[in-house]
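Asks: please work out how this folds:
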Amino acid sequence: MFQTLRSHKRLLTITVLLGGALLALHAWVGTPYGHSYKHNLPWFDAFRTALWSGDLYPRFLPDLWFGFGGADFYFYGPLPFWFASIVGTISCPGCNTGQAFSVAGAWLLILSGVSFFVFARSFFDRNWSGIGAMIYMLLPYHYLVDWFARQSIGEVAVYVFLPLVALATHRLLTQGRGGRLLAISIAATLLSHLPSALIVAHVLPVIVVWHALRSEFSRSTFTACLLRFGAWGGLGVAIAAIYWIPAISLLSSVSPSALYNDYFDAKNWLFLDGRPEPNPSVSILAKWSLALAVTACLSALYLMRRNAENLALRDWILLPCVLTAFLTTSFSALIWDVWILDKIQFPWRFLVITDLSIALAAIVILQRVFNGARPKIDAIIAAGFSGLMLCAAVVSLAPQWMGAAIEGQSQNGAFRISGAPEYIPEGVLKNAFVELNATASDKASDADRYVIFFDVMEKQYERAQDAMNSDTESVVLRPLTQGRYQLSVELTQAGTVRVPIAYWRFWRAKDADGGAILVELDLDDGLIKLSLPEGRSEVQIYLVQTLPEKIGSAMSLIALLVFFTSLLRVRRPNMPVNEKPFATSLM
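Replies: Next up is the predicted model:
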């Protein structure tokens, strides 16, 4: 007993030290200069400002694009930015934007380890689950690629919820309980990153159906299983409707065509098709991560070949790995042609769920090596191959993740006040692209074009301000909260005023008496144009709540009421436990 307590105490000490080291490292390095750095920091800074000003769900951020404002969080998952705005600010007082955002990223990594630990306890004892949690936190795709190289905060947040989705699925399949956890975890995944939620929506049914077939469920039991998953999963989808219904329904009202090019075509990223990927430096990250997954999973399955129990563990090791290997290669080209999966854009995004398999496989391998006085030679060989692949992956990724860390530290949280081009209303973006193409040379790289595009947008905003000033005797435009502006104007005679806000069809305006003012599109520059009377006018410009927002909010409210009502009911498991928890040894 005392030996067990000492062992658990050591594990807790190591965990606390690792968590503290991550927080200190992230506070020191700041936000790595990854692919999405140019989006994440202005998003975070503007989102945090709006949130702490009282806008609980800031969909429109007036600070973006040098003052034009941006509707980015009508479309991008808000949960990581809610978390970062609160936890990053509180846990890193006095830090700059890059440090606060980075510390929030460290907390997401730590929480992902906690959630994996809870899931792994379904198969392993506490110590091995703790070791697996540390591995899961620091796997190459999870940490080096998604945090340092790609800087995908949405996927980093999803790692917190995937183990909980897996745990809920396992419990529903084996014990008939876990539906509420499944609903909340799926809702959180949707609120974090829509492409990852779409991945989960394809992987989970495969695991559920495979388990049902392998367990030889009767037709009625199989139907009940599917209905149970459909009901709880659907409840989770409905809880997150406040975000995803407007995000999908309103996308055509901005500039999704900015994503319609070869870089975002999933088929161009498939491996083994004999063609180079759009960005070799990105694809090499995915290839090494996939190679590590295949090596670790095959090694673990080989070591488990004579163990007739714990088939559920094998499923979680095998199926995500097999699906990812298939869907990232040219063998799956037809699926990417005809199915909704093309919305994921990058097939290697399936690696986000494969890290679950790698961490479980790592526990199996290490357990076989270290349990017992004389580890078997096959376990040592499996550990050696997996370790070599891990080292190769880390070394091959080193130039990118180390470069991102060094550059991020040198930037010290500096950023330009931009946003995502695909969320700019079409009128402004069209003019910006015309000027960009006239300015950038044919040999300019994508990175160079981005810099030039930012310059163009900043100049456009300056010209828009000049246009407003030229239209009036005196004018003050002041952003308020929740997508509203206050415009104070003095005109010597009735006329039109161009306002430096990108025109979007959901803008409305009213005078001090509440009378409606027509909001028009200025065709020359894509800005808002108002017709105002002579004299002084006090105008409030605001975004009307759209129909998709109303539908999504109502659906989420109803779903939450159903969820909390379900907490009042006590249900007994109606499915037998047909698989035992994993013992402390595979031997």
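
Asks: P246: what's it in contact with?
Replies: P246 is in contact with 59, 74, 546, 548-549, 552, counting by C-beta atoms under 8 Å, 6 or more residues apart in numbering. Placement of C-beta: from N, CA and C, glycine included.

Asks: now the residues you listed: which count as buried?
Replies: Neighbour counting over the contacts of P246 (16 or more other C-beta atoms under 10 Å) leaves 59, 74, 546, 548-549, 552 as the buried ones.

Asks: let's see which of those end up in helices.
Replies: Within those, residues falling in helices by DSSP state H are 548-549, 552.

Asks: chain center to the longest helix seen in the chain: distance?
Replies: When the chain is scanned for its longest helix (criterion: DSSP H), the result is helix 377-411. Offset of helix 377-411 from its chain centre (C-alpha atoms, centre = their mean, to the nearest Å): 23 Å.

Asks: circling back to that earlier point, closest to S330 among the contacts of P246?
Replies: Y74 (35.4 Å; C-beta to C-beta).

Asks: for the closest one, give its distance to F60.
Replies: Distance, Y74 to F60, using C-beta to C-beta, to the nearest Å: 7 Å.

Asks: equivalent analysis for A296, please.
Replies: Between A296 and F60 the distance is 44 Å, computed by C-beta to C-beta.

Asks: still on that earlier bit, against which helices or strands is the longest helix of the chain packed?
Replies: helix 2-29, helix 37-52, helix 97-120, helix 280-303, helix 351-370 (3 or more C-beta pairs under 8 Å, 6 or more residues apart in numbering; DSSP states H and E).

Asks: lowest-pLDDT helix or strand in this protein?
Replies: Lowest by mean pLDDT, DSSP states H and E among the helices and strands of the chain is helix 2-29, with a mean of 78.

Asks: sec struct for the most centrally placed residue in the chain, please.
Replies: Against the mean C-alpha coordinate of the chain, by C-alpha atoms, centre = their mean, the closest residue is G154 at 1.7 Å. Here G154 is helix, with the state taken from DSSP: H, G, I helix; E, B strand; the rest coil.

Asks: OK, contacts around the residue nearest to L181 when sequence neighbours are not counted?
Replies: Nearest residue to L181 in three dimensions, chain neighbours excluded: A168, at 4.0 Å (C-beta to C-beta, 6 or more residues apart in numbering). Residues in contact with A168 (C-beta under 8 Å, 6+ apart) are 178-179, 181-182, 185, 232.

Asks: relative to R368, how far out is A168?
Replies: Distance from A168 to R368, by C-beta to C-beta: 28 Å.

Asks: please apply the same query to A291.
Replies: Applying C-beta to C-beta, the value for A291 to R368 is 21 Å.

Asks: shaky segments in the stretch 301-450 of the chain?
Replies: 308-309, 372-375 (pLDDT under 70).

Asks: 80 instead?
Replies: Filtered on pLDDT under 80, the stretch 301-450 of the chain yields the residue ranges 306-309, 371-376, 442-447.

Asks: do you know how far L547 is from S249?
Replies: For L547, the distance to S249 - C-beta to C-beta - is 8 Å.

Asks: returning to what we had before: surely the residue nearest to the centre of the chain meets L190?
Replies: No. Using C-beta atoms under 8 Å, G154 is not in contact with L190; the gap is 10.8 Å.

Asks: returning to that earlier point: what about the helices and strands packed on helix 377-411, which gets the closest to W128?
Replies: Between the helices and strands packed on helix 377-411, helix 351-370 lies closest to W128; by C-beta to C-beta that is 5.2 Å.

Asks: so I501, which state does it fall into?
Replies: strand.

Asks: how about the helices of the stretch 101-250 of the chain, start to end?
Replies: In the stretch 101-250 of the chain, helices defined by DSSP state H, counting those that start in this stretch lie at 126-138, 153-174, 179-192, 194-214, 219-239, 241-249, listed in chain order.

Asks: on that earlier part again, so for the least confident helix or strand of the chain, what gets flagged as buried?
Replies: Result for helix 2-29 [16+ other C-beta under 10 Å]: buried residues 11, 15, 18-19, 22-23, 26-27, 29.

Asks: related to what we said a few turns ago, how about the contacts of P246 in TSV, adding distance to Y141 and pLDDT?
Replies: Below are these laid out as TSV (distance: C-beta to C-beta, whole Å; pLDDT from 0 to 100):
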residue	distance to Y141	pLDDT
R59	30	95
Y74	29	96
T546	36	96
P548	33	97
E549	35	97
G552	32	97
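
Asks: and of the residues you listed, the nearest to Y450?
Replies: Within the contacts of P246, proximity to Y450 (C-beta to C-beta) peaks at Y74, which comes in at 22.3 Å.

Asks: any idea how far that closest one lies from L18?
Replies: Y74 is 38 Å from L18, by C-beta to C-beta.

Asks: repeat that for S252.
Replies: For S252, the distance to L18 - C-beta to C-beta - is 45 Å.

Asks: ok, V206 - contacts?
Replies: Taking C-beta under 8 Å, 6+ apart, one finds 319, 323 in contact with V206.

Asks: from what I see, V352 and E155 are in contact.
Replies: Yes. Contact criterion C-beta under 8 Å: V352 and E155 qualify, at 5.3 Å.

Asks: is it true that K443 lies in a helix?
Replies: No. Per three-state DSSP, K443 lies outside any helix segment and is coil.

Asks: what's around it, how many residues?
Replies: K443 has 6 neighbours, counted by other C-beta atoms under 10 Å.

Asks: distance of it relative to V434?
Replies: 20 Å.

Asks: SS state for the nearest residue to Y485 once chain neighbours are set aside?
Replies: What sits nearest to Y485 in space, not counting adjacent residues and going by C-beta to C-beta, 6+ apart, is I541, at 4.3 Å. Secondary structure, three-state DSSP: I541 is strand.

Asks: repeat that for V428.
Replies: Assignment for V428 (three-state DSSP): helix.

Asks: cool, and D55?
Replies: Applying three-state DSSP: D55 is coil.

Asks: contact partners for the closest residue to it other than its chain neighbours?
Replies: Excluding the flanking residues, the one nearest D55 by C-beta to C-beta, 6+ apart is T481, at 4.5 Å. Contact analysis of T481 by C-beta under 8 Å, 6+ apart lists 50, 53-55, 58.

Asks: narrow the residues you listed to those that are buried.
Replies: Buried members of the contacts of T481, counted by 16+ other C-beta under 10 Å: 50, 55, 58.

Asks: report the angle between the axes of the least confident helix or strand of the chain and helix 126-138?
Replies: 10 degrees (axes from the mean of the first three to the mean of the last three C-alpha atoms, to 10 degrees).

Asks: elements contacting helix 2-29?
Replies: Judged by 3+ C-beta pairs under 8 Å, 6+ apart, the packing partners of helix 2-29 are helix 97-120, helix 126-138, helix 377-411.

Asks: show me the contacts for L521.
Replies: 427, 503, 527-529.

Asks: what two of the residues you listed are the furthest from one another?
Replies: Checking these with C-beta to C-beta, the most distant pair is G427 and K529, at 11.0 Å.

Asks: contacts only, for L567.
Replies: R180.

Asks: shaky segments in the stretch 101-250 of the chain?
Replies: 214-220.

Asks: repeat that with 90
Replies: Within the stretch 101-250 of the chain, the stretches with pLDDT under 90 are 173-177, 208-227.

Asks: hmm, back to that, so what's in contact with G154 and L190 at the same time?
Replies: G77.

Asks: can you tell me how far A266 is from D273?
Replies: A266 is 12 Å from D273, by C-beta to C-beta.

Asks: swap in A559?
Replies: 42 Å.

Asks: flag every buried residue along stretch 215-233.
Replies: Applying 16+ other C-beta under 10 Å to stretch 215-233 flags 215, 217, 222, 225, 228-229, 232-233 as buried.

Asks: and if you look at stretch 440-447?
Replies: Residues A440 are the ones in stretch 440-447 that count as buried (16+ other C-beta under 10 Å).
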